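Novice: Provided below are the primary sequence and the corresponding predicted coordinates.
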Amino acid sequence: MRYLPLTPEDRSEMLARIGARDIDELFADIPADKRLDALPDLPLTKSEIEVERVLGRMAACNVAAGSVPFFVGCGAYKHHIPASVDHLIQRSEFLTSYTPYQPEIAQGTLHYLFEFQTQVALLTGMEVANASMYDGSTAAAEAVLMAHRVTKRNKAVLSGNLHPHYAGTIETVSRLSGHEIVAPAPHGAAEDLSGLIDNTVACVVVQNPDVFGQVRDLKPLAEKVHAAGALLIVAVTEVVSLGLVTPPGEMDADIVVGEGQSIGNALSFGGPYVGLFASRTKFVRQMPGRLVGETVDAEGKRGFVLTLSTREQHIRREKATSNICTNSGLCTLAFTIHLSLLGEAGLRRLARINHANAVKLADALGKVPGVKVLNETFFNEFTIRVPGDAAQVIEKLAAKGVLGGVPCSRLAPDNPHLRDLIIAASTEVNTDEDRAAYAQALKEVLA
Amino acid sequence: MNQQGRPTKPIDAVPVAPATFTGNRALRIEEALIFEFGRTDVTGVDLDEPAEFAPRLGGLERKEPIGLPGLAEPEAVRHYVRLSRMNYSIDSGVFPLGSCTMKHNPRLNEKMARLPGFGDIHPLQPQSTVSGALQLVAELSRWLCELAGMPAVALSPKAGAHGELCGMMAIKAALAARGEKRSIVLVPESAHGTNPATAALLGYRVETIPARDDGTVDPEEVKKHLSKDVAALMLTNPNTCGLFERDVVAIADAVHAVGAFFYADGANFNAIVGKVRPGDLGVDAMHINLHKTFSTPHGGGGPGAGPVTLSAALAPFAPLPYVVTDKNGVRLVEHAADGAGKPFGRMCAFHGQMGMFVRAMSYMLAHGADGMRQASEDAVLNANYVKAGLKDLMSLPFGDGACMHEVLFDDAWLDGTGVSTLDFAKAMIDEGYHPMTMYFPLVVHGAMLIEPTESESKASLDLFVAALRDLAMAARRGDTARFSGAPYYAPRRRLDETRAARSPVLRWMKPVVQEAAE
């Protein structure tokens, strides 16, 4: 087996040195009647060629986003990733290192995490950010738990226009940890949550742009939330939007969570991604996850360490702010490299291109007979109404080689009002030909 | 031929190394923050400005400067290459970090995860366009169930602790379905901190089970804590002392006798893959850290993946989404009404860490049943070999019996030397090794937990043992300077963590320029 350096002779010599008769002597604590001799139902070792053949066949059964006109979004987006990003994250010293618990030999990781925290704070318009969470949805659930800790209240209000997977993730953790959730069903229209906000509410969670693509001014909501002594949590599932849209920090959010996949990370069927988590400095000791801080070494040189770890499970155990241990290290690195390459000028331009492409797509689809674009505002994704069942339309489009978006029924099957809605996204990867192909295919499907 | 300056030859008297102008030391180069040398008007990504168009943002354009620096591609490449050189990694040396399982990361796995058919597919594409991905998920599930000896697996948890949360949520849901609301979770004191943190998150009161003198859990002690109010026992096996809980079956029986569930923390599953199946030992739920046992890269602290195998009693409560294989092929169930289960909810958006699934699958296929069993045996053999090489100098808290994949020493042998476990760890850095896990588990004083993994050759272990012996003897003979100032040769000397925590600086801020007083 190519990954195992020991030879049979090594093994014999080592057993002799240990003073064991055979390898089974080292496993003697396992109850004898439970020990296995082999795993008969699983195949034996394979060469690289064979593994590539097996997995290559499976991969070939899938339609890659880059191979077709592609307009699927809803929390994960197809963006171009510069070649240098994937090259750099595969440097051995990044790829095969561990959590930086020994800072003297992990300054590379700690240094880029400090830069990442600063980038996320700037991007969201917040004061402080952590070193990442698993993804946007779990970051949102952690934000709600944090709001309970900060306000010592027990109820969260979720916007009906929050991504249903995010709402589901929050709802699951809240219900099983004994917290209350109030969540209107997804509807797509402007909403007034003020009737739900009172002084028993810990937080209100909204998404911007929301799951239907609408961009909204959250300032009036923030005022109501703050008047009730609650926190405003804003989720951003398309982080590229922050290059063009007023950031949550400028709209008085208290906690901002985000899905960072769009910058530097492949679609990869839903994971691994990178959760962004930013907040106000005054709440920092209630934040979940790792934080990197600046300090000096014994010679006075600047260096970085994991800090405020008395919040964390390995120190506080059952009194920790979260049970989280792992972060999204390598996805965080991909994010920070891509964003360093973009810089402010590149990010703003990337965001303008996305918006321009979505406007073009909306104009093209809006001209298809029977199709109505529902959004007044949007960034790079919007909702259309089609005659009939949207899921079937999407399937028929796929049969024509166009991946045209997400039918709302896939996210919220129980809501009959959403059965004819499709959420479609257009990013910098789409060409005019792609958009024309979509409009033409949609016309044929609906004819 | 021009011989000027050649060949070079060392001079007889070697001068003391001088300070350098830059602070650099040849290959070791000091690196600034991107905020100190990047410029907001520079970009390393060429994009064409779109033609004029009417924006649809409802007037919510971002107008204030963001302050994000940009780098041209050569600057970015150099920055991150320089940073990478300040990191220790498995690829550069022995990384014996106990309980973290720093084994070799095959590059084939990286290549497979980047196939466009896996890396470039969207979680919400029509299922008809991702049949190969669903097939891989089903195949991975089959292997994990087979290796764990359990009938079902929930794949969506994003890391080990998230898997724990998933398993404990399934337990809570199963108890609720029985009409029961129990309030206690039992956790041995040697457990990872994530175990009590997870139980507490779900509102359980944590009761700690002390270890007996040999480092394992005594079933009689467990029985003393068991009652109808206990929801579950969370047990790591092999435990964090590197020992197999030999009374695990009696413990499982006792837990089940009061109607409670047996949660196994699978962090150390890598020691027993192919040797014994946790399901056969009475386990009801176990998370598997794909980044440990199945070698997906640790990546400086993630991403991980924490699938949870479930017993028949817990399987119906597995979260959404899950895959079902029937005569029509593999299907993804995303909503409760579309399947036969009683899911407790959803752990995250989408379907889990697919990129990690591909890598783990690649690892499993490459090893096969025989290779995985051999890997477990070699991991255990290597740990016992290190133990045999060090046990006369360093102290074993629980006697000289066989260990599993990791060996635990305490600091009794350092008594009176003036050297602490921390000092010893930092001196290992100077010898070119990553330190072992230190001060964990909490059950022994000054713990040093060494996990060499199956990836180390005998020659590599011989040198490692020799280096640790030399350090141990230095400590014993009072050569404290080698320890107290260590590390001497790392990119940084010891860092002031107290200062970092007392006045936290968690981001770069633009320096405030003081106007000179007129």
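Specialist: Good, I have the coordinates.
Novice: helices of chain A, start to end?
Specialist: Ranges of helices within chain A are A:8-18, A:23-26, A:48-60, A:83-89, A:92-95, A:107-124, A:136-151, A:164-176, A:219-227, A:313-316, A:329-366, A:390-399, A:408-411, A:432-446, based on DSSP state H.
Novice: tabulate these (TSV), appending distance to chain B and mean neighbour count.
Specialist: Using the backbone N, CA and C atoms, a C-beta is placed for each residue, glycine as well. Shown next, in TSV, are these (distance: least, CB to the nearest CB, whole Å; neighbours: other CB atoms under 10 Å in any protein chain shown):
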stretch	distance to chain B	mean neighbour count
helix A:8-18	4	15
helix A:23-26	4	17
helix A:48-60	3	17
helix A:83-89	5	19
helix A:92-95	4	22
helix A:107-124	4	27
helix A:136-151	4	26
helix A:164-176	3	25
helix A:219-227	10	16
helix A:313-316	4	18
helix A:329-366	2	24
helix A:390-399	5	20
helix A:408-411	6	23
helix A:432-446	11	17
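Novice: turn these into CSV, columns for mean pLDDT.
Specialist: As requested, these are exported to CSV (pLDDT from 0 to 100):
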stretch, mean pLDDT
helix A:8-18, 98
helix A:23-26, 97
helix A:48-60, 98
helix A:83-89, 98
helix A:92-95, 98
helix A:107-124, 98
helix A:136-151, 97
helix A:164-176, 96
helix A:219-227, 97
helix A:313-316, 74
helix A:329-366, 98
helix A:390-399, 98
helix A:408-411, 96
helix A:432-446, 98
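Novice: make JSON lines from these and add distance to B:R205 to it.
Specialist: Shown next, in JSON lines, are those (distance: least, CB to CB, whole Å):
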{"stretch": "helix A:8-18", "distance to B:R205": "43"}
{"stretch": "helix A:23-26", "distance to B:R205": "38"}
{"stretch": "helix A:48-60", "distance to B:R205": "46"}
{"stretch": "helix A:83-89", "distance to B:R205": "42"}
{"stretch": "helix A:92-95", "distance to B:R205": "41"}
{"stretch": "helix A:107-124", "distance to B:R205": "35"}
{"stretch": "helix A:136-151", "distance to B:R205": "18"}
{"stretch": "helix A:164-176", "distance to B:R205": "15"}
{"stretch": "helix A:219-227", "distance to B:R205": "33"}
{"stretch": "helix A:313-316", "distance to B:R205": "16"}
{"stretch": "helix A:329-366", "distance to B:R205": "33"}
{"stretch": "helix A:390-399", "distance to B:R205": "46"}
{"stretch": "helix A:408-411", "distance to B:R205": "37"}
{"stretch": "helix A:432-446", "distance to B:R205": "56"}
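Novice: so who does B:V308 touch?
Specialist: Contacts for B:V308 (CB atoms under 8 Å, 6 or more residues apart in numbering or on different chains) come out as B:V153, B:A154, B:P157, B:G163, B:C166, B:G167, B:A170, B:A285, B:M286, B:H287, B:I288, B:A318.
Novice: most surrounded residue in those residues?
Specialist: Within the contacts of B:V308, most neighbours by other CB atoms under 10 Å in any protein chain shown means B:A285, with 35 neighbours.
Novice: helix or strand for the closest residue in space to that residue that isn't next to it in sequence, just tell me which one.
Specialist: Nearest residue to B:A285, sequence neighbours excluded (CB to CB, 6 or more residues apart in numbering or on different chains): B:G167, at 3.6 Å. Taking DSSP states H and E as the criterion, B:G167 maps to helix B:160-177.
Novice: could you check the angle helix A:164-176 makes with that helix?
Specialist: For helix B:160-177 against helix A:164-176, the angle by axes from the mean of the first three to the mean of the last three CA atoms, to 10 degrees is 60 degrees.
Novice: how far away is the residue lying closest to B:I272 once chain neighbours are set aside from A:L39?
Specialist: Leaving aside its sequence neighbours, B:I272 sits nearest to B:S376 (CB to CB, 6+ apart; 6.0 Å). From B:S376 across to A:L39, the span is 11 Å (CB to CB, to the nearest Å).
Novice: ok, the residue nearest to B:A285 touching B:Y263?
Specialist: Yes. Using CB atoms under 8 Å, B:G167 is in contact with B:Y263, at 5.4 Å.
Novice: list residues touching both of those two?
Specialist: B:A285, B:M286.
Novice: picking up where we left off before, who has more neighbours out of B:S376 and A:L39?
Specialist: When B:S376 and A:L39 are compared for neighbours, B:S376 comes out ahead with 24 against 20, by other CB under 10 Å.
Novice: overlap in contacts of B:S376 and A:L39?
Specialist: B:G274.
Novice: count of residues packed around B:S190?
Specialist: B:S190 is flanked by 27 other residues according to other CB under 10 Å.
Novice: so it is in which element?
Specialist: Using DSSP H and E, B:S190 maps to neither a helix nor a strand.
Novice: is the residue lying closest to it once chain neighbours are set aside in a helix, a strand, or coil?
Specialist: Distances taken as CB to CB, 6+ apart place B:P441 nearest to B:S190, at 4.3 Å, with adjacent residues excluded. The local conformation at B:P441, judged by DSSP: H, G, I helix; E, B strand; the rest coil, is coil.
Novice: who's in contact with B:P441?
Specialist: B:E189, B:S190, B:A191, B:N239, B:T240, B:C241, B:L408, B:A447, B:L449.
Novice: can you rerun that using 7 Å?
Specialist: By CB atoms under 7 Å, 6 or more residues apart in numbering or on different chains, the contact list for B:P441 reads B:S190, B:T240, B:C241, B:A447.
Novice: kindly report the same for B:I251.
Specialist: The neighbourhood of B:I251, defined by CB under 7 Å, 6+ apart, consists of B:V217, B:P219, B:V222, B:L235, B:E245.
Novice: which of those residues fall in strands?
Specialist: Mapping these onto strands (DSSP state E) picks out B:L235.
Novice: can you flag the buried ones in the contacts of B:I251?
Specialist: The neighbour count (16 or more other CB atoms under 10 Å in any protein chain shown) marks B:V217, B:P219, B:V222, B:L235, B:E245 as buried among these.
Novice: for chain A, state which of those residues is nearest.
Specialist: B:E245 (8.0 Å; CB to the nearest CB).
Novice: quick one, helices of chain B?
Specialist: B:34-37, B:73-84, B:107-113, B:116-119, B:131-148, B:160-177, B:194-201, B:219-225, B:248-257, B:354-390, B:421-430, B:458-476, B:481-484, B:497-502.
Novice: in chain B, which ranges drop under the pLDDT threshold?
Specialist: B:514-518 (pLDDT under 70).
Novice: what about dumping the CA coordinates of stretch B:338-346 to PDB?
Specialist: Extracted in PDB, the C-alpha atoms of stretch B:338-346 (Å, rounded to 0.1, in the frame of the first residue of the first chain):
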ATOM      1  CA  ASP B 338     -40.600  13.200   0.600                       C
ATOM      2  CA  GLY B 339     -39.200  10.300   2.700                       C
ATOM      3  CA  ALA B 340     -40.100   7.800   5.300                       C
ATOM      4  CA  GLY B 341     -38.000   9.200   8.100                       C
ATOM      5  CA  LYS B 342     -38.800  11.500  11.000                       C
ATOM      6  CA  PRO B 343     -36.000  14.000  10.600                       C
ATOM      7  CA  PHE B 344     -35.300  16.200  13.600                       C
ATOM      8  CA  GLY B 345     -34.500  19.100  11.300                       C
ATOM      9  CA  ARG B 346     -31.600  20.500   9.300                       C
END
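Novice: chain center to stretch B:361-376: distance?
Specialist: 20 Å (CA atoms, centre = their mean, to the nearest Å).
Novice: what does that stretch contact?
Specialist: Residues outside stretch B:361-376 that contact it (CB under 7 Å, 6+ apart): A:1, A:4, A:38-39, A:42-46, A:51, A:54-55, B:106, B:108-109, B:112, B:136, B:139-140, B:143, B:270-275, B:294-295, B:454.
Novice: just the buried residues from the residues you listed, in PyMOL please.
Specialist: A single PyMOL command is used to select the members of these judged buried by 16+ other CB under 10 Å:
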select buried, (chain A and resi 1+4+39+42+45+46+51+54+55) or (chain B and resi 106+108+109+112+136+139+140+143+270+271+272+273+274+275+294+295+454)
